[in-house]
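**Q** Generate coordinates for the sequence data below:
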Amino acid sequence: MSGLATTPAAYVRNLAYLLEDLSDPDLRAQLARQGMSTRSELVSILQAAVGAGELSTAAQPKVLARTIEAILSGSMMTWAFYREGPADAWIRKDLDAVLTPHLTTRRRR
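**A** I've put the predicted structure just below:
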């Protein structure tokens, strides 16, 4: 996702495309399909991480997947405001903050 924000100008350009996609019913439908597919894959990855003992069994993959989606979008936007370092590092820091409470002791080593 950080590939959409290799520079602030690239992120602005991608936001402009997003506005077009959201205003066109056909393109918005495609965005919805893409989003559902992405969320489904996130759930699968998180379920596998629980199964592998990397995430706590108390982690709720469906809830966590939605939270990850939200944090990624919000993180990109706040990076555009602050522009501190590269977008990928900014996003990673936010993603780590979301995932760290769910990591097992084994995974934290």
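**Q** per-residue confidence at Leu42?
**A** At Leu42 the predicted local confidence, pLDDT, stands at 97.
**Q** Could you list the low-pLDDT ranges of this protein?
**A** Applying pLDDT under 70 to the chain picks out residues 1-5, 106-109.
**Q** Quick one: the helices in it, in order.
**A** 8-23, 25-51, 61-82, 87-99, 105-108 (DSSP state H).
**Q** Let me have those in JSON lines, extended by mean neighbour count.
**A** All C-beta atoms are positioned from the backbone trio N, CA, C, and that covers glycine. Shown next, in JSON lines, are these (neighbours: other Cβ atoms under 10 Å):
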{"stretch": "helix 8-23", "mean neighbour count": "12"}
{"stretch": "helix 25-51", "mean neighbour count": "13"}
{"stretch": "helix 61-82", "mean neighbour count": "15"}
{"stretch": "helix 87-99", "mean neighbour count": "15"}
{"stretch": "helix 105-108", "mean neighbour count": "10"}
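**Q** Centre-most residue in the chain?
**A** The centre of the chain sits closest to Leu72, judged by Cα atoms, centre = their mean, with a distance of 3.3 Å.
**Q** hang on, isn't it packed against Ile91?
**A** Yes - between Leu72 and Ile91 there is a contact at 6.4 Å, judged by Cβ atoms under 8 Å.
**Q** got the CA coordinates for stretch 61-72 in CSV?
**A** What follows is stretch 61-72, C-alpha atoms only, in CSV (Å, rounded to 0.1, in the frame of the first residue of the first chain):
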residue,chain,number,x,y,z
PRO,A,61,-9.1,-12.2,12.8
LYS,A,62,-12.2,-10.7,11.3
VAL,A,63,-12.2,-7.7,13.7
LEU,A,64,-8.5,-7.3,13.4
ALA,A,65,-8.6,-7.4,9.6
ARG,A,66,-11.1,-4.5,9.5
THR,A,67,-8.9,-2.6,12.0
ILE,A,68,-5.8,-3.2,9.8
GLU,A,69,-7.7,-1.8,6.8
ALA,A,70,-8.7,1.3,8.7
ILE,A,71,-5.2,1.8,10.1
LEU,A,72,-3.6,1.5,6.7
